[in-house]
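> Show me how the following folds:
(one chain, ligands or ions: 2)
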Amino acid sequence: MAGAFVRVAALADLHCTKTSQGAFQNLFTRITEAADIAVIAGDLTDYGLPEEAAVLAKELTSLRIPVAAVFGNHDLESGKSVEVRQILTDAGVKILDGDACELQGIGIAGVKGFGGGFGRHALAPWGETIIKQFVHEAVDEALKLEAALARLRTKQIVALMHYSPVQQTVDGEPLEIYPFLGSSRLEEPISRYPVSLVFHGHAHRGQLEGATKTDVKVYNVSMPLLTRTFADRPPFRVFDVPMGDAENAQPTLAASRGRRATDAIAS
Ligand SMILES: [Fe+2]
Ligand SMILES: [Fe+2]
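Ligands and ions are numbered 1, 2, ... in the order given. Sure thing, here's the model as predicted:
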């Protein structure tokens with residue numbers, strides 16, 4: 001642990017396939033060097049196959065720090081999420097689905113989330129039964145996030161999800177798919193609890209940073225987005241999360257304090 005800070009590495013959308021052997025080892029080694037804990041915001045696998053999870057589990061032996069993750073939509077594609085979860089849990093990953101954990105003193109509340117769109121254009125539970133079911137899924141995920149947040153008593157809380165809670169970090173994607181990239185309903189619980197940081201993935205072509213209405217910072221840590229934006233760095237971000245008693249101690253991107261070892265998106 002780096003003194004009064006815990007260094008939190010964040011990334012998403014690994015999309016590990018059956019042929020990804022060796023593809024993540026260098027990345028995970030770099031994360032281990034740069035951070036104290038890691039969070040992964042979903043789409044760990046490409047088709048949600050146990051074989052893919054087994055490949056990822058082997059890669060994860062290079063990630064020698066505590067790690068928490070949520071599932072993404074891809075992790076559910078093959079209907080084998082129970083097996084995938086077991087394989088990754090056995091590999092040491094704390095998979096969160098409406099629950100919370102504490103890593104190095106930082107509380108992490110995790111949920112997959114769901115779509116439905118943002119703000120006044122969000123889908124409403126009205127009309128056809130299937131539309132109501134769609135909205136109900138988003139409401140249910142928001143309630144799960146709220147329940148997870150309610151369990152935490154740590155000074156610093158990370159909200160981890162696959163879908164975005166705000167529109168800003170999906171801007172840049174085709175407008176037509178916004179409703180499938182996130183839901184404002186996920187923003188509501190974040191505003192009701194003392195959340196320090198929000199991470200999500202899923203919007204591979206979105207924006208890096210946004211904020212909730214109550215000014216909680218939201219980071220899209222999708223690997224394809226980070227790779228495109230920071231071509232000369234491995235695709236993860238590192239945040240210094242203060243662990244002291246100072247009031248209003250805000251997490252910062254590691255680079256903003258000028259440390260070479262954990263520069264910005266890591267070096
Ligand atoms: Fe993805
Ligand atoms: Fe996704």
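> How far does the helix ranked longest in the chain sit from its chain's centre?
Ranked by residue count and defined by DSSP state H, the top helix of the chain is helix 129-150. Remark: helix 129-150 is offset 18 Å from the chain centroid, using C-alpha atoms, centre = their mean, to the nearest Å.
> elements contacting that helix?
Applying 3 or more C-beta pairs under 8 Å, 6 or more residues apart in numbering; DSSP states H and E, one finds that helix 129-150 makes contact with strand 99-103, strand 106-111, strand 157-161, helix 187-192. C-beta coordinates here come from the backbone N, C-alpha and C atoms, glycine included.
> out of those, which comes closest to residue 202?
strand 157-161 (8.7 Å; C-beta to C-beta).
> how about the CA coordinates for that closest one, as PDB?
Backbone C-alpha positions of strand 157-161 (Å, rounded to 0.1, in the frame of the first residue of the first chain) are rendered in PDB as follows:
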ATOM      1  CA  ILE A 157     -16.700   3.800  -1.600                       C
ATOM      2  CA  VAL A 158     -16.300   2.700  -5.200                       C
ATOM      3  CA  ALA A 159     -19.400   1.900  -7.200                       C
ATOM      4  CA  LEU A 160     -18.500  -0.600  -9.900                       C
ATOM      5  CA  MET A 161     -20.900  -1.500 -12.800                       C
END
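> Distance from the chain centre to that strand, please.
Distance of strand 157-161 from its chain centroid, counting by C-alpha atoms, centre = their mean, is 7 Å.
> coming back round to it: identify the residues contacting the longest helix of the chain?
96-100, 109-116, 123-126, 157, 159, 161, 163, 183, 185-186, 188-190, 192-193, 195 (C-beta atoms under 8 Å, 6 or more residues apart in numbering).
> tally of neighbours for residue 128?
Residue 128 is flanked by 8 other residues according to other C-beta atoms under 10 Å.
> Could you check how far it is from residue 136?
Distance of residue 128 to residue 136, given as C-beta to C-beta, to the nearest Å: 12 Å.
> can you list contacts of the worst-scoring helix or strand of the chain on mean pLDDT?
The helix or strand of the chain with the poorest confidence is strand 252-253; it has a mean of 83 (mean pLDDT, DSSP states H and E). Strand 252-253 has contacts (C-beta under 8 Å, 6+ apart) with 237, 238, 239, 240, 264.
> Weed out the non-buried ones from these.
Buried residues within the contacts of strand 252-253, defined by neighbour count using 16 or more other C-beta atoms under 10 Å: 237, 238, 239, 240.
> So which of those belong to strands?
237, 238, 239, 240 (DSSP state E).
> In contact with the third one, which residues?
Contacts of residue 239 were listed using C-beta under 8 Å, 6+ apart, and they are 7, 8, 10, 197, 251, 252, 253, 254.
> okay if I get the residues you listed as a markdown table plus neighbour count and distance to residue 204?
Converted to a markdown table, those look like this (neighbours: other C-beta atoms under 10 Å; distance: C-beta to C-beta, whole Å):
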| residue | neighbour count | distance to residue 204 |
| --- | --- | --- |
| 7 | 23 | 25 |
| 8 | 27 | 22 |
| 10 | 26 | 15 |
| 197 | 22 | 21 |
| 251 | 18 | 24 |
| 252 | 14 | 25 |
| 253 | 17 | 21 |
| 254 | 27 | 23 |
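> circling back: take the helices and strands packed on helix 129-150 and lay them out in TSV including distance to residue 229, mean neighbour count and mean pLDDT.
Listed next are those as TSV, based on distance: least, C-beta to C-beta, whole Å; neighbours: other C-beta atoms under 10 Å; pLDDT from 0 to 100:
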stretch	distance to residue 229	mean neighbour count	mean pLDDT
strand 99-103	26	19	98
strand 106-111	24	28	98
strand 157-161	21	29	98
helix 187-192	24	19	96
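> from the chain's centre, how far out does stretch 113-132 sit?
With C-alpha atoms, centre = their mean, you get 22 Å for stretch 113-132.
> Just the buried residues of it, please?
Neighbour counts over stretch 113-132 (16+ other C-beta under 10 Å) mark 113, 114, 115, 116, 117, 118, 122, 123 as buried.
> you'd agree the fourth one is up against residue 165?
Pointing back at residue 116 there. No - taking contacts as C-beta atoms under 8 Å, residue 116 lies outside contact range of residue 165: 11.0 Å.
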